[in-house]
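Peer 1: Build me a structure from this.
(2 chains)
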Amino acid sequence: AQKITQTQPGMFVQEKEAVTLDCTYDTSDPSYGLFWYKQPSSGEMIFLIYQGSYDQQNATEGRYSLNFQKARKSANLVISASQLGDSAMYFCAMSGRYILTGGGNKLTFGTGTQLKVEL
Amino acid sequence: EAQVTQNPRYLITVTGKKLTVTCSQNMNHEYMSWYRQDPGLGLRQIYYSMNVEVTDKGDVPEGYKVSRKEKRNFPLILESPSPNQTSLYFCASSQEGKNSPLHFGNGTRLTVT
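Peer 2: Numbers count the residues shown, from 1 in each chain, chains lettered A, B, ... in the order given. This is a model prediction of the structure:
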């Protein structure tokens, strides 16, 4: 079974500083994808970044980068130059083995990290 | 605008009163699913659908039903809601493939008293 672990229930960071949100995963599937989502207080889920298990380079999207260490089974999200609008809940998720009845992208989610950006 | 639309955003109901949460996507995605979000548990999949008339259980299907009569619509039905189904519900859709992100609706906050 797949499992995602986010060990930081809450974090604080000062505006303009960088912050790393931890994510470790467990899977027996050789092919998988790792995702990060942001959930602001308004509740919607916003896709941030994706990393494939066979990708050679770490993914980057603007101020977001994914520090992928396959041997350690970690996929940490790095947010550079934090802004007040980055205050939100962040979820790490992974896709993996297709469900036997068909394909499709089931994601297994971690429990989230609440990030608070301070002045 | 490409989007997943859920309705209603908020719903308060009583135990045993049947309800339906609607979900519609305009991206022609074949894959749709429902998740519930509870504090400390993250998001857990309830049901998913690979295509019209093809649905299957996720991790927490008890107490829920779904149907997929049209590609764009995937309603979630609670035949006899109970207080332990009080939660934040998300509908999501995606293209085929492990690298395809889920596109989420804005969520439905359900309270069952």
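Peer 1: what residue ranges in chain B score low on pLDDT?
Peer 2: Applying pLDDT under 70 to chain B picks out residues B:98.
Peer 1: tell me which parts of it are close to chain A?
Peer 2: B:31, B:33, B:35, B:40-45, B:48, B:50-51, B:54, B:56, B:58, B:88, B:90, B:92, B:94-104, B:106-107, B:109 (C-beta under 8 Å from any C-beta of the partner chain). To be clear about C-beta, it is placed using only N, CA and C from the backbone, and glycine gets the same treatment.
Peer 1: Mind giving me the PyMOL select for those residues, buried ones only?
Peer 2: To isolate the buried ones among the residues of chain B next to chain A in PyMOL, judged by 16 or more other C-beta atoms under 10 Å in any protein chain shown, type:
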select buried, chain B and resi 31+33+35+42+43+44+45+48+50+56+58+88+90+92+94+95+96+98+99+100+101+102+103+104+106+107
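Peer 1: Which members of the residues of chain B next to chain A occur in strands, if any?
Peer 2: With DSSP state E as the criterion, strands contain B:31, B:33, B:35, B:42-45, B:48, B:50-51, B:54, B:56, B:88, B:90, B:92, B:94, B:103-104, B:109 from among the residues of chain B next to chain A.
Peer 1: Geometric centre of chain B: which residue is closest?
Peer 2: In chain B, the residue lying closest to the centroid (C-alpha atoms, centre = their mean) is B:W34, at 2.9 Å.
Peer 1: Test my guess that it contacts B:C23.
Peer 2: Yes. Applying C-beta atoms under 8 Å, one finds B:W34 in contact with B:C23, separated by 7.4 Å.
Peer 1: what is in contact with those two at once?
Peer 2: Between them, B:W34 and B:C23 share these contacting residues under C-beta atoms under 8 Å, 6 or more residues apart in numbering or on different chains: B:F74, B:L76, B:C91.
Peer 1: What residue, apart from its backbone neighbours, is nearest the last one spatially?
Peer 2: By the measure of C-beta to C-beta, 6 or more residues apart in numbering or on different chains, the closest residue to B:C91 outside its immediate chain neighbours is B:C23, 3.5 Å from it.
Peer 1: What about that neighbour, how many residues nearby?
Peer 2: For B:C23, the neighbour count with other C-beta atoms under 10 Å in any protein chain shown is 25.
Peer 1: Repeat that for A:S42.
Peer 2: Count around A:S42 with other C-beta under 10 Å applied: 8.
Peer 1: A:K73 too?
Peer 2: Neighbours of A:K73 using other C-beta under 10 Å come to 15.
Peer 1: What of B:E79?
Peer 2: Counted with other C-beta under 10 Å, B:E79 comes out at 12.
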